[in-house]
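S.K.: Okay, predicted coordinates and the sequence, questions at the end:
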Amino acid sequence: MGIYLNPDNDGFTEAVRSKIYVDKTELIACTSSFIGTKQKYICVSRPRRFGKSMTLEMLAAYYSCGCDSRELFQGCKIERHESFEKHLNRYDTIFLNMQQFLLESKTQPLTDYLEQEVLEELSEVYGNYLKQQDTGLASALRRIYVKTKKKFIFLIDEWDCVMRERPESEKLQKEYLDFLRNLLKDQPFAALVYMTGILPVKKYGEHSALNMFWEYSMTDPYLFEEYTGFTEDEVKALCAQSGMDFDETGSWYDGYCFRKWKHIYNPKSVAAAVICRNFSNYWTSTEVYEALKIYIDMDFDGLRTAVVQMLGGGRIEINTRSFQNDMRNLRTKDDVLTLLVHLGYLGYDSETAKTFIPNKEIMMEFENAMSTGGWAEIMRILKASDKLLEDTLLCNESSVARGLDEAHMEAASILAYHNENSLACAIGLAYYSARKDYRLIREFPSGRGFADIVFLPLPHTKKPAIIVELKYSQSVQAAIYQIKNRHYTQALQNYTGSMLLVGISYDKNKIEKPHSCIIEKFTKNESRSDANE
């Protein structure tokens with residue numbers, strides 16, 4: 001049992017004993033299926049505080065022959081899997097935290113310090129098989145394999161810390177990547193390599209040293225989707241146990257969307273909210289907002305417009321393939337947005353290739369980042385959104401139209417109206433503060449079609465639902481008619497309370513007062529009679 005070679009199971013023991021523990025041990029069945037195959041090189045990239053280190057501690061507890069973890073996994077999901085006994089504590093396991101080596105190496109080259117530390121432990125166990133000339137870690141492991149036929153499992157945390165924290169040092173990056181390639185690629189002693197970081201591997205510049213890795217990232221985690229964060233069922237169970245409101249939990253921390261699992265929650269924030277019995281900014285509070293501000297303030301054509309559209313609830317199509325996984329050499333708007341996906345500030349739907357702001361917690365972080373300099377017009381719109389919602393609930397049509405005119409004037413230099421979609425983004429931005437009490441849903445399936453925007457009230461608010469239909473260069477009456485004619489209220493027929501039907505029109509030919517508005521109250525009884533027509 002050592003620090004790097006065959007670590008104990010203390011880390012995972014602490015996780016299992018914690019107040020909040022969600023069983024993700026079935027991940028082990030996935031990793032075990034790759035042992036000794038061409039798919040054995042796994043790079044899983046996630047945002048900070050998304051459980052990467054805890055996963056590595058779980059894998060170390062399971063695979064490391066330096067401990068006995070049978071009792072620790074008793075009752076866990078993996079215990080019921082047919083491969084459980086086959087791999088339990090059967091492998092020499094090498095656990096490397098690259099952040100630790102980078103901090104402790106100081107004046108000594110990072111890779112030299114790493115080899116020195118690991119070789120010292122390796123010599124304690126396998127000294128009889130090593131010779132003085134075996135000065136490198138890779139050569140020592142090859143000799144051990146030849147003599148014993150034992151294979152190793154490598155668990156590597158913070159693999160990308162050199163790229164993130166030494167972005168200016170291309171020489172150090174190249175040396176580091178060459179070291180990892182020599183240590184891992186095509187080596188007979190490697191049974192499995194599970195590597196985590198914030199950024200995927202791919203390549204840096206022209207250097208592609210680690211092309212043997214299969215990448216599972218925030219743009220497409222493939223079979224690791226459900227292990228990226230908490231699933232909907234897992235959050236429902238936590239909310240039921242703690243008495244937390246599930247819908248409000250979703251508005252705060254849901255929003256990461258993948259191919260199969262459409263609702264993945266931020267695990268750090270959900271766990272903290274359940275422990276504290278309070279909804280707040282837990283994940284974003286661990287890093288100052290300047291980290292986000294640096295990127296959204298970059299001078300790339302279309303970036304500011306994209307940010308504003310997403311604040312309004314819009315989704316932006318991006319090309320993730322141009323991103324070189326480099327936090328320094330960002331060349332386009334798409335590079336910036338792709339980086340924000342990997343950092344967790346944006347969600348990404350790989351089926352539509354569109355990105356978006358996932359939830360209320362992240363939305364507030366964007367607001368913080370925009371609060372100082374460069375975004376004055378947008379901040380004025382956000383501050384005015386409280387009154388706009390109040391006027392809407394009071395059915396003050398003229399005030400709502402006037403408020404939308406003012407918001408349009410403020411945002412005109414950034415967000416232009418071209419069609420109903422861009423109008424919907426602008427309306428979503430103007431009603432920004434409504435997210436405190438509502439879930440805003442674009443293109444809500446309802447009746448015979450899709451309502452443009454639906455405001456679903458959170459349970460504790462006791463406010464009416466709001467159905468908004470938008471018209472671009474058409475009459476506002478046509479908007480209300482469409483809500484009724486296509487029975488958009490049917491989808492809300494189980495809603496216990498009144499609804500507001502809001503028709504908004506934008507006339508590009510009217511310079512002074514381009515917006516018009518109609519608001520009608522609609523009760524549940526009317527909704528039922530409407531559905532029976």
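M.R.: Looks like it came in fine.

S.K.: Skip the chain neighbours and tell me the closest residue to the most centrally placed residue in the chain.
M.R.: Residue closest to the mean C-alpha point of the chain, counted by CA atoms, centre = their mean, is Gly344 at 3.9 Å. Once flanking residues are discounted, Gly344 sits nearest to Pro47: 2.8 Å by CB to CB, 6 or more residues apart in numbering. From N, CA and C alone the C-beta is placed, and that goes for glycine too.

S.K.: and if you look at Gly497?
M.R.: What sits nearest to Gly497 in space, not counting adjacent residues and going by CB to CB, 6+ apart, is Pro464, at 5.8 Å.

S.K.: which residues in the stretch 401-533 of the chain form helices?
M.R.: For the stretch 401-533 of the chain, applying DSSP state H, counting those that start in this stretch gives helices covering 420-430, 476-485, 524-532.

S.K.: Ignore what I typed, I meant the stretch 201-350 of the chain.
M.R.: 232-242, 246-253, 267-276, 290-296, 303-311, 333-343.

S.K.: Identify the residues contacting the shortest one?
M.R.: Same thing as helix 290-296. With contacts defined as CB atoms under 8 Å, 6 or more residues apart in numbering, helix 290-296 is touched by 303-304, 307, 330, 336, 339-340, 345, 365-366, 368-370, 372.

S.K.: can you rerun that using 7 Å?
M.R.: 307, 336, 339-340, 345, 365-366, 369 (CB atoms under 7 Å, 6 or more residues apart in numbering).

S.K.: Adding pLDDT, write these out as CSV.
M.R.: Compiled in CSV, those are given as follows (pLDDT from 0 to 100):
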residue, pLDDT
Val307, 95
Val336, 96
Leu339, 95
Leu340, 96
Tyr345, 96
Glu365, 93
Phe366, 94
Ala369, 91
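
S.K.: ok, those residues vs Phe34, which is closest?
M.R.: Leu339 (28.0 Å; CB to CB).

S.K.: mind checking how far the closest one is from Lys383?
M.R.: According to CB to CB, to the nearest Å, Leu339 and Lys383 sit 29 Å apart.

S.K.: Could I get the phi/psi values of the residue nearest to the centre of the chain?
M.R.: phi 90, psi 0 (degrees, to the nearest 10).

S.K.: Quick check: it touching Gly51?
M.R.: No: under the contact definition of CB atoms under 7 Å, Gly344 does not touch Gly51, with a separation of 12.0 Å.

S.K.: Where in the chain is the helix or strand with the lowest mean pLDDT?
M.R.: helix 524-532 (a mean of 52; mean pLDDT, DSSP states H and E).

S.K.: just the strands in the stretch 51-200 of the chain please.
M.R.: With DSSP state E, counting those that start in this stretch as the criterion, the stretch 51-200 of the chain has strands at 92-97, 152-157, 190-197.

S.K.: Report the strands that pair with the second one, each with its relative direction.
M.R.: Sheet neighbours of strand 152-157, with direction, are listed as strand 92-97 (parallel), strand 190-197 (parallel) (DSSP bridges).

S.K.: a markdown table for those strands, including distance to Cys276 and mean neighbour count?
M.R.: Below are the strands paired with strand 152-157 laid out as a markdown table (distance: least, CB to CB, whole Å; neighbours: other CB atoms under 10 Å):
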| stretch | distance to Cys276 | mean neighbour count |
| --- | --- | --- |
| strand 92-97 | 28 | 23 |
| strand 190-197 | 27 | 24 |
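
S.K.: Dump these into JSON lines; add mean pLDDT and distance to Val454 as well.
M.R.: Shown next, in JSON lines, are those (pLDDT from 0 to 100; distance: least, CB to CB, whole Å):
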{"stretch": "strand 92-97", "mean pLDDT": "98", "distance to Val454": "46"}
{"stretch": "strand 190-197", "mean pLDDT": "97", "distance to Val454": "38"}
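
S.K.: of all the ones you listed, which lies closest to Asn278?
M.R.: Using CB to CB, these put strand 190-197 closest to Asn278, at 29.7 Å.

S.K.: contact partners of the closest one?
M.R.: Against strand 190-197 from outside (CB under 7 Å, 6+ apart): 31, 34-36, 40-46, 52, 56, 59, 91, 151-160, 184, 213.

S.K.: Tell me which of these fall in helices.
M.R.: 31, 52, 56, 59, 184 (DSSP state H).

S.K.: Most neighbours of all these, which one?
M.R.: Leu56 (24 neighbours; other CB atoms under 10 Å).

S.K.: list the contacts for it?
M.R.: Contacts for Leu56 (CB under 7 Å, 6+ apart) come out as 95, 155, 157, 196.

S.K.: let's see it at 10 Å
M.R.: 7, 11-12, 44, 95-97, 155-158, 194-196 (CB atoms under 10 Å, 6 or more residues apart in numbering).

S.K.: Kindly report the same for Ser446.
M.R.: Contact analysis of Ser446 by CB under 10 Å, 6+ apart lists 454, 467, 483, 486-492.

S.K.: buried subset of those?
M.R.: Buried subset of these (neighbour count, 16 or more other CB atoms under 10 Å): 454, 467, 483, 486-489, 491-492.
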